[in-house]
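>>> sequence plus the predicted model coming up.
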Amino acid sequence: MIDESPPLGPLHAATTGEQIAHRLSTAIALGEFSLGDRLPSERELAALLQVSRESVRAALRRLADAGLIEVRRGRGGGAFVRAEWAESSENAVREALLAQWEDFEALFDYRRLIESLIARTAADRARDDDRAAIRAVLASFETAASLAEARRLDTELHFAVARATHNARLVRLHQLLLSEVSLGVSAEPYTWEIYEDARPHHRALAEAVVRGDRERAAHIAGEHFAITENVLRRLAARVAATEPPATEDPAEA
């Protein structure tokens, strides 16, 4: 019997603040949130992860104690990233990433297949207003003035392509895959290096969809989404490399 449950679905009510903290610590280590970024509010995180605000609050306290975030009170307050890595980060990545690595591998494969289908369908079905929307978002992305703006426009470009399929289920599936690969917080890893890697892909993908070149659009989409995959692979390899070798049982020597 095939297990059809999503590998990285919402956290359950019994999940502790520690487990939520593992996900958020890993998201920070991946670059889903950069130094100085404000995390989603307690209410937003509770909705994204489908847990109680009390559990989120407990997780944020753990991150603050570890030195990863700073919690500011009052108007304009919130939880802000103050460090990308802490002493507790290695264990968090082991729990949130390495412990589910087989599921992530399946997710990577599934995402490439589905995003290729979305791009191919968009190239087939895009209308004049879809093409205009894709061109406009691409132009804004190319001139993004900040990393936060680049990340937002990157996400919007892919939603513009998904909407060009004129299939609401494909749009929702695109959103679900984004949430799963980002550990439930719906913000992919992003750096200026990733931005530069993404630019030629975005140009080529937009051009293929606008021109109706379905096979090229599918091919580019399949390659493009490996950028995020590679970020997760590098972090997983970094942590796996620090794992101490298993010691020989003296009783078996």
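Everything's here; your move.
>>> which residues does Val239 contact?
Listed by Cβ atoms under 8 Å, 6 or more residues apart in numbering, the contact set of Val239 reads Glu90, Val93, Arg94, Leu97, Leu98. For glycine as for every other residue, the C-beta is placed from the backbone atoms N, C-alpha and C.
>>> let me know how buried the first one is, in neighbour terms.
The local packing count at Glu90 equals 16, with neighbours defined by other Cβ atoms under 10 Å.
>>> one more: the third one?
Arg94 sits with 17 neighbouring residues when counted by other Cβ under 10 Å.
>>> shouldn't it be within a strand?
No. Assigned with DSSP: H, G, I helix; E, B strand; the rest coil, Arg94 falls outside any strand and is helix.
>>> quick check, pLDDT for it.
pLDDT for Arg94: 94.
>>> from Asp128, how far off is it?
Separation of Arg94 from Asp128 (Cβ to Cβ, to the nearest Å): 50 Å.
>>> buried set for stretch 104-113?
By neighbour count on 16 or more other Cβ atoms under 10 Å, the buried set for stretch 104-113 is Phe104, Leu107, Phe108, Tyr110, Arg111, Arg112.
>>> ok, Val181 - contacts?
When contacts are counted by Cβ under 8 Å, 6+ apart, Val181 touches Leu8, Leu107, Phe108, Arg111, Glu188, Thr228, Glu229, Leu232.
>>> same thing but 7 Å
The contact partners of Val181, taken as Cβ atoms under 7 Å, 6 or more residues apart in numbering, are Leu107, Arg111, Glu188, Thr228.
>>> now do Leu68
By Cβ under 7 Å, 6+ apart, the neighbours of Leu68 are Ser25, Ile28, Val81, Arg82, Ala83, Ala86.
>>> what's the burial count for the fourth one?
The number of residues packed around Arg82, counting by other Cβ under 10 Å, is 16.
>>> and Val161, by the same measure?
Counted with other Cβ under 10 Å, Val161 comes out at 29.
>>> cool, and Glu87?
Quick note: Glu87 (other Cβ under 10 Å) scores 8 neighbours.
>>> the one 5 residues further on too?
Other residues lying near Ala92 total 27 when counted by other Cβ under 10 Å.
>>> surely it touches Gln19?
No. Judged on Cβ atoms under 7 Å, Ala92 makes no contact with Gln19 at a distance of 9.6 Å.
>>> got phi/psi on the spatially closest residue to Glu207 that is not a sequence neighbour?
Nearest residue to Glu207 in three dimensions, chain neighbours excluded: Asp213, at 7.9 Å (Cβ to Cβ, 6 or more residues apart in numbering). As for Asp213, its main-chain torsions (degrees, to the nearest 10) stand at phi -90, psi 90.
>>> wait, Asp213 touches Ala123, no?
Yes. Under the criterion of Cβ under 7 Å, Asp213 makes contact with Ala123 at 6.0 Å.
>>> more neighbours: these two, which one.
Ala123 (24 against 17).
>>> and the more buried one, what element?
helix 101-125 (DSSP states H and E).
>>> buried stuff in the helix or strand following that helix?
Beyond helix 101-125 on the C-terminal side, the first helix or strand identified by DSSP H and E is helix 128-142. Buried residues in helix 128-142, counted by 16+ other Cβ under 10 Å: Asp130, Arg131, Ala133, Ile134, Val137, Leu138, Phe141.
>>> again with stretch 46-60
Ala46, Leu48, Leu49, Val51, Ser55, Val56, Ala58, Ala59, Leu60.
>>> ok, now stretch 212-220?
For stretch 212-220, using 16+ other Cβ under 10 Å, the buried residues are Asp213, Arg214, Arg216, Ala217, Ala218, His219, Ile220.
>>> with respect to Ile194, which of the residues you listed is nearest?
The nearest member of the buried residues of stretch 212-220 to Ile194, counting by Cβ to Cβ, is Ile220 at 16.3 Å.
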